[in-house]
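A.B. asks: everything below, folded, please.
(one chain, ligands or ions: 2)
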Amino acid sequence: MNQVAQLTNTLVDNFGRQVTYVRLSVTDRCDFRCVYCMSESMTFLPKESILSLEEIGRIAQVFSELGVEKIRLTGGEPLVRRDVMQVIDYIGGLGLKDFAMTTNGSQLPRYAKDLKTAGLHRLNISLDSLDAKKFKRITRTGNLQQVLDGIDAAIQAGFKGIKLNAVIMKGRNEDEVLDLVEFARSKKIDISFIEEMPLGVVSDHERGETYCSSDEVRKIITSRYALTANKAKTAGPSRYYSMPDSSINLGFISPHSHNFCGDCNRVRVTVEGRLLLCLGNEHSIDLRPYLRNHPQNNQPLKQAIIDSMAIKPERHHFTNDGDVQVVRMMNMTGG
Ligand code: SAM
Ligand code: SF4
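C.D. replies: Ligands and ions are numbered 1, 2, ... in the order given. Now for the predicted structure:
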């Protein structure tokens with residue numbers, strides 16, 4: 001067992017990295033079928049194999065007792081899970097420094113206010129296109145106007161932070177980079193551009209063909225705006241920049257072109273209760289037996305999580321040659 005972790009009751013891996021950030025997937029289901037994330041026809045997990053909302057709450061609580069300061073709920077689309085507000089209320093009461101959610105925005109017109117009241121601090125909202133037709137082409141089932149209304153509802157609810165996420169693909173939405181920047185500037189919210197990652201086999205396209213690097217996206221933006229790199233370092237694959245005449249941050253999330261593993265501070269839990277130690281590797285442990293064999297006692301769960309630190313890999317091995325590196329789809333991993 002990892003001795004540092006055992007002594008301090010914090011999560012420290014064999015490379016001295018402390019885990020302070022957990023992404024919890026609350027569902028693998030979604031009302032969209034984004035081409036880079038899912039196939040057109042999907043088979044989702046049967047109800048009996050997913051964690052209950054109560055179990056997700058227990059996992060969140062144990063992580064917070066182990067020094068985790070930040071929890072992000074994701075999926076699938078977190079807001080399509082029935083009664084999801086129950087677990088959001090619960091986690092909102094844990095007193096985390098940072099409680100966030102990644103969402104496609106479709107349900108925000110209905111939920112934005114309640115999320116804020118429940119104690120959610122920040123929202124990342126995915127938005128790949130501002131053109132209704134292209135939006136439909138990328139999300140297959142999404143409705144652009146619903147998401148735009150969701151963004152406005154979130155702004156109105158007054159979250160501490162709202163950020164847009166756009167996956168940029170050649171031949172799909174690469175021509176909208178500047179429009180998306182203008183949109184973010186007009187709404188005064190941050191925006192990050194994400195490189196497509198080789199997670200799962202998708203039917204729509206060859207990933208190698210659509211891959212658009214952060215450097216290419218940045219070049220498009222600097223044709224209009226001078227960008228200054230922000231000094232504050234984030235422990236993750238994001239780099240942030242600012243523009244001279246706007247308060248918003250522009251982020252670039254580049255799992256390919258920048259190796260961010262050295263300061264990795266995060267783990268993920270799938271909705272089946274699998275604790276994934278690295279986005280780009282299969283190293284994981286199943287938390288379900290610890291939850292289900294000890295319904296009233298979190299100690300075994302806590303010890304299993306501490307012990308898991310011993311198998312957190314040093315780095316991922318993504319490439320962009322079109323090879324599938326990890327067979328899990330993003331909706332299974334929890335983006
Ligand atoms: N449904 C929510 C959403 O779309 O925001 C949350 C889950 S989604 C899996 C989380 C993020 O992962 C989204 O911003 C999405 O664009 C991104 N994503 C999904 N598949 C991806 C892939 N293969 N490469 C890069 N980003 C991906
Ligand atoms: Fe759904 Fe998000 Fe995946 Fe799109 S990226 S299909 S919205 S889970």
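A.B. asks: flag every residue of the stretch 51-200 of the chain that's near ligand 1.
C.D. replies: 74-75, 77, 102-104, 126, 165, 167, 194, 196-197, 199 (Cβ under 6 Å from any ligand atom). C-betas here are computed from N, CA, C, even on glycine.
A.B. asks: take these and keep only those in strands.
C.D. replies: Using DSSP state E, the subset of those located in strands is 74, 102-103, 126, 165, 167, 194.
A.B. asks: up against ligand 2, what does this protein have?
C.D. replies: Residues of the chain lying near ligand 2 (Cβ under 6 Å from any ligand atom): 30, 32-34, 37-38, 75-77, 104, 126, 330-331.
A.B. asks: test my guess that D179 contacts D128.
C.D. replies: No. Assessed by Cβ atoms under 8 Å, D179 is found out of contact with D128, at 11.3 Å.
A.B. asks: more neighbours, these two?
C.D. replies: Between D179 and D128, D128 has the larger neighbour count (other Cβ atoms under 10 Å), namely 28 against 13.
A.B. asks: tell me the secondary structure for that one?
C.D. replies: coil (DSSP: H, G, I helix; E, B strand; the rest coil).
A.B. asks: and for V202?
C.D. replies: coil.
A.B. asks: so what's the residue count around it?
C.D. replies: Residues near V202, counting by other Cβ under 10 Å: 21.
A.B. asks: and P289, by the same measure?
C.D. replies: P289 has 13 neighbours, counted by other Cβ under 10 Å.
A.B. asks: just to be sure, it is in a helix?
C.D. replies: Yes. Looking at P289 with three-state DSSP, it is inside a helix.
A.B. asks: isn't T139 up against D131?
C.D. replies: No. The criterion here is Cβ under 8 Å, and T139 misses it with D131 at 11.9 Å.
A.B. asks: more neighbours: which of the two?
C.D. replies: Taking neighbours as other Cβ under 10 Å, T139 and D131 compare with T139 leading, 25 against 15.
A.B. asks: how about stretch 146-161: buried residues?
C.D. replies: Neighbour-count burial for stretch 146-161, with 16 or more other Cβ atoms under 10 Å as criterion, is recorded at 147-151, 153-155, 157, 159.
A.B. asks: again but with stretch 164-174, I slipped
C.D. replies: Of the residues in stretch 164-174, those buried (16+ other Cβ under 10 Å) are 164-170, 172-173.
A.B. asks: check those residues and tell me the two furthest apart.
C.D. replies: Across the buried residues of stretch 164-174, the longest distance by Cβ to Cβ is 20.0 Å; it joins L164 and K170.
A.B. asks: toward the C-terminus, what is the element adjacent to the helix or strand of the chain with the lowest mean pLDDT?
C.D. replies: Every helix and strand of the chain was ranked by mean pLDDT, DSSP states H and E. The lowest is helix 3-8, at a mean of 50. Note on helix 3-8: by DSSP states H and E, the next helix or strand toward the C-terminus is strand 21-25.
A.B. asks: what packs against that following strand?
C.D. replies: On a contact count with 3 or more Cβ pairs under 8 Å, 6 or more residues apart in numbering; DSSP states H and E, strand 21-25 meets helix 53-65, strand 70-74, strand 266-269.
A.B. asks: and it, C-alpha only, in PDB?
C.D. replies: Once non-C-alpha atoms are left out, strand 21-25 reads as follows in PDB (Å, rounded to 0.1, in the frame of the first residue of the first chain):
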ATOM      1  CA  TYR A  21     -10.200  16.200  -8.200                       C
ATOM      2  CA  VAL A  22     -12.800  13.500  -9.000                       C
ATOM      3  CA  ARG A  23     -15.100  13.300 -12.000                       C
ATOM      4  CA  LEU A  24     -18.200  11.300 -11.200                       C
ATOM      5  CA  SER A  25     -20.400  10.000 -14.000                       C
END
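A.B. asks: give me the distance from that strand to the chain's centre.
C.D. replies: 8 Å (Cα atoms, centre = their mean, to the nearest Å).
A.B. asks: so what strands line up beside that strand?
C.D. replies: Paired neighbours of strand 21-25 in the sheet (DSSP bridges): strand 70-74 (parallel), strand 266-269 (parallel).
A.B. asks: worst average pLDDT in those?
C.D. replies: When these are compared on average pLDDT, strand 266-269 comes out lowest at a mean of 94.
A.B. asks: need the three-state assignment for C30.
C.D. replies: coil.
A.B. asks: mind putting the helices and strands packed on strand 21-25 into JSON lines with mean neighbour count?
C.D. replies: Shown next, in JSON lines, are the helices and strands packed on strand 21-25 (neighbours: other Cβ atoms under 10 Å):
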{"stretch": "helix 53-65", "mean neighbour count": "20"}
{"stretch": "strand 70-74", "mean neighbour count": "23"}
{"stretch": "strand 266-269", "mean neighbour count": "22"}
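A.B. asks: one step back: which among the buried residues of stretch 164-174 gets closest to M42?
C.D. replies: V167 (18.1 Å).
A.B. asks: give me the beta-bridge partners of the closest one?
C.D. replies: Under the criterion used (DSSP bridges), V167 bridges to I194.
A.B. asks: which residues touch it?
C.D. replies: 34, 36, 126, 128, 193-196 (Cβ atoms under 8 Å, 6 or more residues apart in numbering).
A.B. asks: out of those, which is nearest to S64?
C.D. replies: Distances from S64 to those, taken by Cβ to Cβ, are shortest for S126, at 26.3 Å.
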